[in-house]
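Colleague: here is a sequence with its predicted model. Questions after.
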Amino acid sequence: MRPLTDEETEVLFAKLAKYLGGNVRLLLDRPDGLFCFRLHRDRVYYVSEDIMRRATNFANDNLISLGTCFGKFNKNLKFRLHITALTYLAPYAKYKVWVKATAEQSFLYGNHILKSGLGRITENTPQYQGVVVYSMNDIPLGFGATAKSTVDCRTAAPTAIVVFRQADIGEFLRDEEALG
């Protein structure tokens, strides 16, 4: 377990800014204590500083996990967010998409969101912007990137893809081994 390097921190915050915009600082400056990001076996963990200090008593080989896994760096230093970060992304998301009840199951099975399944979208959402996907009952289901801007969605065909799925809560069942 170690702190992130400057390059890793820059890549992580760039990815988080894609979804949260300027709200990234709210993850670190929380009223319930100080939080930080730590790297352990190519995975980035979001952990309170109190727990992080206590974890230094364990050898890295004995430490399996620490805090909440936000994602993973690949060998080319690209960062991929995991679905476990959804609970922290959802409250601070700048752009949001709501899916109709008929399209929820399709999204949770790993498919992209079509125009016919789009319930609502935040105004002025640009193309290829990171969004958090909600059900119509405001339950966060996952996140992805918009395939079309808000203006383009209005004129799109019903079978056009409007949000590219990147992660959804159905992954907990489909990819149990990979998330652990």
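Modeller: Here it is on my side, so go on. As the structure is a computational prediction, the values presented were derived from the model and not from experiment. Numbers count the residues shown, from 1 in each chain.

Colleague: and stretch 147-164, what's buried?
Modeller: A147, K148, S149, T150, C153, A156, V162, V163 (16 or more other C-beta atoms under 10 Å). To be clear about C-beta, it is placed using only N, CA and C from the backbone, and glycine gets the same treatment.

Colleague: can you list contacts of it?
Modeller: Outside of stretch 147-164, the residues within contact range by C-beta atoms under 8 Å, 6 or more residues apart in numbering are 97, 112-116, 118, 121-128, 131, 133, 144-146.

Colleague: which one in this protein is furthest away from the centre?
Modeller: N57 (30.0 Å; C-alpha atoms, centre = their mean).

Colleague: wait, what's in contact with that residue?
Modeller: So N57 contacts nothing (C-beta under 8 Å, 6+ apart).

Colleague: one more: the one 10 residues further on?
Modeller: Taking C-beta under 8 Å, 6+ apart as the contact definition, G67 lies against R38, Y45, Y46, V47, S48, I51, M52.

Colleague: again, 6 Å this time
Modeller: Y45, Y46, V47 (C-beta atoms under 6 Å, 6 or more residues apart in numbering).

Colleague: let me know the closest of these to F107.
Modeller: Y46 (24.7 Å; C-beta to C-beta).

Colleague: quick check, that closest one in a helix?
Modeller: No - applying DSSP: H, G, I helix; E, B strand; the rest coil, one finds Y46 to be strand, outside a helix.

Colleague: so, low pLDDT: which residues of this structure?
Modeller: Of all residues in the chain, those with pLDDT under 70 make up the ranges 176-180.

Colleague: please enumerate the strands of it.
Modeller: 2-3, 29-30, 33-40, 43-48, 68-73, 79-81, 96-99, 113-114, 118-121, 130-135, 140-146, 161-168 (DSSP state E).

Colleague: show me what the first one pairs with in its sheet, parallel or antiparallel.
Modeller: Read it as strand 2-3. strand 33-40 (antiparallel) (DSSP bridges).

Colleague: tell me where the longest helix sits in the protein.
Modeller: The longest helix of the chain (DSSP state H) is helix 6-20.

Colleague: that helix: how far from the chain's middle?
Modeller: Distance of helix 6-20 from the chain centroid (C-alpha atoms, centre = their mean, to the nearest Å) equals 12 Å.

Colleague: then stretch 71-87?
Modeller: With C-alpha atoms, centre = their mean, you get 8 Å for stretch 71-87.

Colleague: could you pull out the buried residues of that stretch?
Modeller: Buried residues in stretch 71-87 (16+ other C-beta under 10 Å): G71, K72, F73, F79, L81, H82, I83, T84, A85, L86.

Colleague: what's the end-to-end length of that stretch?
Modeller: With C-alpha to C-alpha, to the nearest Å applied, stretch 71-87 spans 13 Å between its terminal residues.
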